[in-house]
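# let's see this in three dimensions:
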Amino acid sequence: MKTQVATVTNSQTGIAFNVVVVPKGAVYGHEDCLTHDKESPLVEFYDTRYPHTEYGQFVSRYYAKTLLPHRGGGLCLDGGIPNWSLDAAAMEEAMDAVVVFLAKGGV
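Residues are numbered from 1 along each chain as shown. Down below sits the predicted model:
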């Protein structure tokens, strides 16, 4: 089951993003057509301004193991849309929430 772990706001743009963790065995993707089969959970980001899904408009997805070692900086979520990025503070808040979720068993 996917779990929303945080809503973070880029202080430069004021745009809020929902942060969702997809653990192994959970469905994801367009109309939940895929099942995550890797050990490292996925971390998804959704723009809350557009209610295309229960979390907002899907923006991007990364493996948690890719994001966690690079804490402390911002993240461009989509190079084609300048507003889809997280500043360093929002990224740190997002990763803190992911760490807490994983520490609790990540289910």
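# contacts for the longest helix anywhere in the chain, please.
Counting by DSSP state H, the longest helix found in the chain is helix 88-103. Residues external to helix 88-103 that are found in contact with it (C-beta atoms under 8 Å, 6 or more residues apart in numbering): 3, 5-6, 8-11, 17, 19, 21, 41, 43, 45, 64, 67-68, 71-75, 86. For every residue, glycine as well, the C-beta is placed using N, CA and C.
# please redo it, this time with the cut-off set to 7 Å
Judged by C-beta atoms under 7 Å, 6 or more residues apart in numbering, the contacts made with helix 88-103 from elsewhere in the structure are 3, 5-6, 8-11, 19, 21, 41, 43, 64, 67-68, 71-75, 86.
# now swap in stretch 64-80 and tell me
Residues outside stretch 64-80 that contact it (C-beta under 7 Å, 6+ apart): 40-41, 43, 45, 59-60, 84-88, 91-92, 95, 98.
# wait, which of those residues is closest to Leu34?
Using C-beta to C-beta, Pro41 is the member of these that lies nearest Leu34, at 14.0 Å.
# I figured the closest one hits Val20, correct?
No - taking contact to mean C-beta atoms under 7 Å, the distance of 10.0 Å between Pro41 and Val20 leaves them out of contact.
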